[in-house]
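**Student:** Would you be able to build a 3D model of this:
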Amino acid sequence: MRSRIHPRAKARRPLRRTNGGTPRRQALLVGLTSGIEALRRARCRRLYIDGSFVTVKEEPGDFDVCWESAGVEGRLLDPVLLLFAQGRAAQKAAYGGEFFIAESIADPHGTRYLMFFQHTRDGKPKGIVALTLMEES
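**Tutor:** Numbers count the residues shown, from 1 in each chain. You can find the predicted model right below:
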């Protein structure tokens, strides 16, 4: 797959129809939906989903999200979304997956998470899913 961002029409359109087919996917979907709602409450405009959850893998291991920080109101943000210690253990416990700030540095080469998510571990391009939570005003 080429490096590409695949837009999802609107985040209000349930992911459940295409991503919640197995008990494991349903469990991940509950946490992902909860995290999306936490970001929406903080006025996040857009996020990107990566990980085996957005593939056809029947039993995905996880999901990874990076979210755009522009417009986010820190006082409304769940503080857990800013805890990255111990392999993001607090995020995994609260949401079942990991959330990164899209503009943050992901690796020693200075790659930002939004670009980092668009490549496999061996550097091959791949796609990710974008969700628009609110339109820019």
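
**Student:** Pull out the buried positions in the longest helix that the chain contains.
**Tutor:** What stands out as the longest helix in the chain, according to DSSP state H, is helix 23-41. Of the residues in helix 23-41, 25, 28-29, 31-33, 35-36, 38-40 count as buried by neighbour count, 16 or more other C-beta atoms under 10 Å. For every residue, glycine as well, the C-beta is placed using N, CA and C.

**Student:** R41 contacts L76, correct?
**Tutor:** Yes - taking C-beta atoms under 8 Å as the definition, R41 is a contact partner of L76 at 5.7 Å.

**Student:** still on that earlier bit, any chance you could list what contacts the longest helix of the chain?
**Tutor:** 11, 15-16, 19-20, 47, 49, 53, 59-60, 62-63, 65, 67, 72, 76-78, 81, 94-97, 99, 131, 133-134 (C-beta atoms under 8 Å, 6 or more residues apart in numbering).

**Student:** residues near L114, how many?
**Tutor:** 22 (other C-beta atoms under 10 Å).

**Student:** secondary structure element for it?
**Tutor:** helix 113-116 (DSSP states H and E).
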